[in-house]
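Undergrad: Give me the fold of what follows.
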Amino acid sequence: MKKDNEMTVMYELKGRIDSNNAADLEKDIFTALSEYDMDSDIIIDGASLEYISSAGLRVLLKCSKKWNKVSVIDVSPEIYEIFDVTGFTSIIDVHKKIREVSVEGLELLGKGANGSVYRLDDERIIKVYNPVTSSLERIAREKAAARQAFIHDIPSAISFDLVRSGDRYGIIYEMINASTLGQFITAHPDKIEEYAVKMADLLKKLHSTAFEDGVLPDARMGLGVWVDIAERSGYYSDELITKMRELIDDIPERNTFIHGDFHPGNIMVVDGELVLIDMTDASVGDPVIDLLGSYQIMKLLSMKRPEGGMRYTGIRNELLSKLWDIFIRSYTGITDEKEIEEYEKKLEHYALIRSIAGITFSELVPKEALPQMTKVITEAFLSY
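TA: Alright, predicted model coming up:
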């Protein structure tokens, strides 16, 4: 049994499961997973499963009644057929064995909070998810969100293959002769103004596209998750947690599209037009939720980390900052410098919610530095 994070646990099935050992399997599963509540993500690894009878299937049915999210992964075509003909694929998420794809030596196109994008070949790119976001359930949500975005005429890439890369999952997109916007701007700095405006126009299109109730989650819930992470870390005071929740509660409710990670590393240039990838955080809500993420990646990183721009967007810092300046003025229509400063100050306040949580699990922050860093960022947030 492998525990991937606080809410995800993997249990491995091996060999033959039939009436001779199904009772033992049931006892072992429920004992091994007894500490996990009903909302935990239970992943059953079926890569070593050779056969499963109706007795074994009944054990998995009991699991699906105990836990809300049960999936079986990496089963052979023969085992998948057993699940399919018995109707279990309509009860439990069952996935055939996922093919392995190595990203070693591939060109890195962009890197963000959810994962990294690589050039697989002339016609395809692959998005490999970071460990914290690399779950089948989360990836399935992205694929569903991408389909909905496409249906609503949002220029977005449709994934066509789920793969594994080491201990992480990835999605392959068809992207013929495409580059990220970050790569394109780096190669064509003279076109920065043209594409900053295109970027702003694309975001305005997203923020004017309404979705029916229940199709996508409320973006405020996503921000709330960051607060939950901060609270569980134990580094922050009740006062700070309360202030962050109050700030989120003040965000107006809306049913228009939010990408959730809108920056040049997640935008592809295809025949001169912009196409979105990475719908992991797709939701509906107020535009400020998209803009705070863009500001964090495009402005704060370029100000605070020497290589921040190249690391996450493929654009050197000074060029990324210029792209942001043109983009935000085009998006908002604000030309007065003082008004822009006030607008960016508002975005920074919201962006700090993600930063406050993010530094507690960032690979770039040494554990011994966390007490001082969390103190500084707390003071920054409460000073607004």
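Undergrad: before we move on, what SS does residue 254 have?
TA: At residue 254 the chain is in coil, as set by DSSP: H, G, I helix; E, B strand; the rest coil.
Undergrad: Equivalent analysis for residue 36, please.
TA: coil.
Undergrad: hey, what's the closest residue to it other than its chain neighbours bridged with?
TA: Nearest residue to residue 36, sequence neighbours excluded (Cβ to Cβ, 6 or more residues apart in numbering): residue 9, at 5.8 Å. Placement of C-beta: from N, CA and C, glycine included. Note on residue 9: beta-bridge partners by DSSP bridges are residue 3, residue 42.
Undergrad: Isn't residue 9 up against residue 42?
TA: Yes: because the distance of 6.1 Å satisfies Cβ atoms under 8 Å, residue 9 is recorded as touching residue 42.
Undergrad: Neighbour count for the two, which is higher?
TA: residue 42 (24 against 19; other Cβ atoms under 10 Å).
Undergrad: Kindly state the pLDDT recorded for that one?
TA: Per-residue pLDDT puts residue 42 at 85.
Undergrad: thinking again about what came up before, so the residue nearest to residue 36 versus residue 381, what's the distance?
TA: 33 Å (Cβ to Cβ, to the nearest Å).
Undergrad: Residue 40 now?
TA: Counting by Cβ to Cβ, the gap from residue 40 to residue 381 is 31 Å.
Undergrad: One more: residue 103?
TA: 36 Å.
Undergrad: And for residue 168?
TA: 32 Å.
Undergrad: The two: which has the busier surroundings?
TA: Between residue 168 and residue 381, counting by other Cβ under 10 Å, residue 381 is the more crowded of the two (19 against 16).
Undergrad: which stretches of the stretch 151-300 of the chain form strands?
TA: In the stretch 151-300 of the chain, the strands defined using DSSP state E, counting those that start in this stretch lie at 159-165, 168-174, 179-180, 257-258, 267-270, 273-276, 283-284.
Undergrad: Pick the most buried one from those strands.
TA: Mean neighbour count, computed with mean count of other Cβ atoms under 10 Å, is highest for strand 257-258 among these, reaching a mean of 28.
Undergrad: so what strands line up beside that strand?
TA: strand 283-284 (antiparallel).
Undergrad: what's the partner strand in contact with?
TA: Strand 283-284 is contacted by residues 211, 215-219, 221-222, 254-258, 260, 289 when judged by Cβ atoms under 8 Å, 6 or more residues apart in numbering.
Undergrad: For the residues you listed, work out which two are farthest apart.
TA: 215 and 289 (16.8 Å; Cβ to Cβ).
Undergrad: higher neighbour count, these two?
TA: Taking other Cβ under 10 Å, residue 215 and residue 289 do not tie; residue 289 has more neighbours (23 against 16).
Undergrad: you'd agree the more buried one is up against residue 217?
TA: No: the pair residue 289 / residue 217 is not scored as a contact, 11.6 Å apart, by Cβ under 8 Å.
Undergrad: Much appreciated, bye for now.
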